[in-house]
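Participant: Sharing a model that was predicted from the sequence below.
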Amino acid sequence: MKIRVPTLAGQVLDARLTSGESGVVLEVATTPPRWFTPETAGQCELLEGTAKEFSELRAYGFAVVDRRSEVAPPRPEDDAVVRMLIPIGRSGWAIAAGYAGLFSLIVVPAPLALILGVIALWHLKKNPTKRGLPRAIFGLVMGLVGTVILILVMMPR
């Protein structure tokens, strides 16, 4: 866990709970290591750590302020509603395939939607952190349907 100890000029240091001569102490990674009891630790601030470590510190009497949420604010791409409205983390190819698939209802850009859909699927497979699979599939399917219609219309009778 990473903590900020005011008695050490507010430095951010690695720390862990360990057994000491006077019971459980907070061992801070300094040279040489320093140990703090709940009474001498002051108002520690937990900057990184698990919920278990936080609860253990509290259980042993350390007056710890939880600053974890202040250190790592929520990211917009973690919110499903924002991802639905704004193409955050989407493949550009998937976005293009989706729009081309939408315009393939006019039939003329259908082959383009088909090509963009295939490229988008390939791009998403190569970049698993990107999103946009539904758009790529929509572009592929609509491009395929529009291309078949275009071929049927252009065939001589």
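Facilitator: Structure received.

Participant: Can you show me the strands along this protein?
Facilitator: 2-5, 11-20, 23-28, 34-36, 44-48, 64-66 (DSSP state E).

Participant: And the fourth one, what does it pack against?
Facilitator: Based on contacts counted as 3 or more CB pairs under 8 Å, 6 or more residues apart in numbering; DSSP states H and E, the elements that strand 34-36 packs against are strand 23-28. Where C-beta positions appear, they are placed from N, C-alpha and C, glycine not excepted.

Participant: Adjacent strands (with direction) for the strand it packs on?
Facilitator: Sheet pairing here is set by DSSP bridges, and for strand 23-28 it gives strand 11-20 (antiparallel), strand 34-36 (antiparallel).

Participant: These: which one's closest to residue 81?
Facilitator: Checking those against residue 81 by CB to CB gives strand 11-20 as the closest, at 33.9 Å.

Participant: Tell me the buried residues in the closest one?
Facilitator: Neighbour counts using 16 or more other CB atoms under 10 Å place 15, 17 of strand 11-20 among the buried residues.

Participant: Quick check: which ranges of the protein have low pLDDT?
Facilitator: Applying pLDDT under 70 to the chain flags the ranges 7-8, 20, 22, 42, 66-78.

Participant: biggest helix in this protein, by residue count?
Facilitator: The longest helix of the chain (DSSP state H) is helix 133-154.

Participant: what's the spacing between residue 105 and residue 151?
Facilitator: Using CB to CB, to the nearest Å, we find residue 105 at a distance of 16 Å from residue 151.

Participant: returning to what we had before: which one, of the strands of the chain, ends up nearest to residue 136?
Facilitator: strand 44-48 (37.2 Å).

Participant: so how many other residues sit close to residue 65?
Facilitator: 12 (other CB atoms under 10 Å).
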